[in-house]
Structures are given as C-alpha cells and as structure tokens.
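Trainee: Give me a 3D structure for the following:
(one chain, ligands or ions: 1)
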Amino acid sequence: MIRKDEVQAELRELPRLFMFEPGWQIARKTDSIREYCYAMAPGADHYHRLLDGEVYLVKADEKLCLPCAGRRGLLAYDPKPLREPIAGLDLAIEAELEGFDVLVRRTEEVE
Ligand SMILES: [Zn+2]
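Mentor: All right, here's what the predicted structure looks like:
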C-alpha cells in the first residue's frame, strides 16, 4: 500500500530541465522588489508576481516563471542528441542494398 506522503513526494520530484533557446538566461530572484511574470497562467486574468527565491528565465526585460516558460516551449525535458542524424545516410544505405558502391564524403570540418 502506498502512503499519501509517498505519493506527494513522487509528485514533487522534479524532472531534469534543459533550455536551448538562444538569448534566455536562468536567474533567481533575490529581493522583494515587485516584479511580474510576463505571461498569464491559464485561466488567470492578471500577471502573477515572481517571488523571493524563485528561479525564472530572463531575456532582456522579459521574465518568465518556470511553469510559464514550460508552457511556452522554452524548456525541454530531454537533452539534445549527441549528434544530429545525417540526412543522406538513408539514401546511402538504400544504394548499398541495391548493389552500388557508396562513397561518403564529409562536407564539414572536424575540429
Ligand atoms: Zn508565469
């Protein structure tokens, strides 16, 4: 039997977060100066405050709390793949299967 506090602890477990959007930075509010998230929560009719100690995203003057940044698609729950798949690879495999010799040329410089 699962206890209620175990369920709540599981619900509070945070996922790993990733942000790949250029120009955005992670910040932490460290004062009590009144500042607001630049997005409204769903169903809300007002902008909500960022609170002391809250982690948020910032780009120039725009500030977003993490839930609003997540809704806007600025956060990801998975890392980028180590290497983007090569678009022409499928064609090379098909050509090889059909009996052609495939010559692969690298077009990008390796550092
Ligand atoms: Zn927000």
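Trainee: rest of the way, CA atoms for contacts and neighbours
Mentor: Fine.
Trainee: near the ion, which residues of the protein?
Mentor: Within the chain, the residues that sit near the ion (CA under 5 Å from the ion) are 37, 65, 68.
Trainee: Would you convert those residues into CSV that also reports neighbour count?
Mentor: Supplementary listing: those in CSV, determined by neighbours: other CA atoms under 10 Å:
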residue, neighbour count
Cys37, 22
Cys65, 22
Cys68, 20
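Trainee: Helices of the chain, residue ranges please.
Mentor: 4-12, 66-71, 89-97 (DSSP state H).
Trainee: Between these, which has the poorest mean confidence score?
Mentor: Set side by side, these show their lowest mean pLDDT on helix 4-12, which sits at a mean of 67.
Trainee: how about low-confidence regions in this protein?
Mentor: Where the chain drops to pLDDT under 70, the residues are 1-11, 84-92, 104-111.
Trainee: Look up phi and psi at the residue lying farthest from the centre of the chain.
Mentor: Here the centre of the chain is the reference, and by CA atoms, centre = their mean the most remote residue is Gly99, at 42.8 Å. With angles defined as degrees, to the nearest 10, Gly99 sits at phi 90, psi 10.
Trainee: For the remainder of this discussion, apply numbering that starts at 162.
Mentor: All set: I'll call the first residue 162, so the last point we hit is now Gly260.
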